[in-house]
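# model the structure of this input:
(4 chains)
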Protein chains: 2
Amino acid sequence: MTIAQVAERTGLTAHTLRYYERAGLLREPPDRGGNGHRRYTERDADWIRLLTRLRATGMSIAGMRRYAELARRGEDTYAARKELLEAHRAEVLGKIEQLKDDLALVEYKINVYDKLMGDS
Amino acid sequence: MTIAQVAERTGLTAHTLRYYERAGLLREPPDRGGNGHRRYTERDADWIRLLTRLRATGMSIAGMRRYAELARRGEDTYAARKELLEAHRAEVLGKIEQLKDDLALVEYKINVYDKLMGDS
DNA sequence: CTGTGAGTTGGAGCGCGCTCCAAGTCAAGC
DNA sequence: GCTTGACTTGGAGCGCGCTCCAACTCACAG
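The predicted structure follows:
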């Protein structure tokens, strides 16, 4: 699988994929074909897809690197990795609650405009 | 009300309050006391509190400026302001759904670790 | 052989949202 | 009068997450 294909499948750009690799977010750099081009496996793509979800839910690059570092250290870190993901899940759920809470004032304001305009 | 008091009440720093003012996020610059210091009204503080909620829900500085510009143009823009807030609300609700969706893969991964470790 | 297109690298640049610095003013307390 | 502390300004700097540039290599089609 070429970098362009992975970009296509993950929604990241080739630029970003190379950046993630430099940033240490991959478990290991992808293999290279005879021409020096990166060759990604399906497993690489799955990993990157997970990264995109972590990113989309607000995990920082540094957070993803920590996760990748654990993954590089092998199966001894299953528990630590699970804890990292659980902590992240809790954070995201908290953030969702916070968003709902913050929206309340916005909704209140919307109602104020309704009333100001005679609820038309 | 001094800038420090507004900072205290809104959770922003004095730096940020001045930055917001320069960025055109206030309906109008606060009055000045005889010493040249900003003097905020309760209404100013309420406005800023709304800004913090808009910001917390992901509205950009430019978006907040658009809202402030409408507010400056007076009551003719009630409808436009309401629409802006409604559009924002829809965006936030969409983002919440997206977050939940993105979390699904994270939760799947957590379960994978559970199984790998014998569900202990 | 030449062009086209897809990839490679190190490093620069960018947009956002702050965050802070330097140098100054002013008021109040000792 | 002097210090302290809260404020003022214009502008510089920063951290994050990309995003792109320049210069290059390589494989393949015509």
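# what helix or strand is the residue nearest the centre of chain A located in?
By C-alpha atoms, centre = their mean, chain A has its centre lying nearest to residue A:55, at 2.1 Å. For residue A:55, the enclosing helix or strand under DSSP states H and E is helix A:42-56.
# okay, residue A:73: pLDDT?
Looking at residue A:73, its pLDDT reads 97.
# that one and residue A:81: what is the separation?
Distance of residue A:73 to residue A:81, computed by C-beta to C-beta, to the nearest Å: 9 Å. In this view, the C-beta of every residue, glycine as well, is placed from N, C-alpha and C.
# what parts of chain A come near DNA strand D?
A:13, A:15, A:16, A:18, A:19, A:34, A:35, A:36, A:55, A:60, A:61, A:62 (C-beta under 7 Å from any atom of the strand).
# and the contacts of stretch A:87-103?
Outside stretch A:87-103, the residues within contact range by C-beta atoms under 8 Å, 6 or more residues apart in numbering or on different chains are A:54, A:57-59, A:63, B:53, B:56-57, B:89, B:92-93, B:95-96, B:99-100, B:103, B:106-107, B:110.
# now the biggest helix by length in chain A: buried residues?
What stands out as the longest helix in chain A, according to DSSP state H, is helix A:78-116. When neighbours are counted by 16 or more other C-beta atoms under 10 Å in any protein chain shown, the buried residues of helix A:78-116 are found to be A:78, A:80-82, A:84-85, A:88-89, A:92, A:96, A:99, A:102-103, A:105-106, A:109-110, A:113.
# same question, stretch A:46-60
A:47, A:48, A:49, A:50, A:51, A:52, A:53, A:54, A:55, A:56, A:57, A:59.
# residue ranges with poor pLDDT in chain A?
A:119-120 (pLDDT under 70).
# which parts of it sit against chain B?
A:49-50, A:53-54, A:56-57, A:75, A:78-79, A:81-82, A:85-86, A:88-89, A:92-93, A:95-96, A:98-100, A:102-103, A:105-107, A:109-110, A:113-114, A:116-117 (C-beta under 8 Å from any C-beta of the partner chain).
# report the buried residues of stretch A:31-48.
For stretch A:31-48, by 16+ other C-beta under 10 Å, it's A:38, A:40, A:44, A:45, A:47, A:48.
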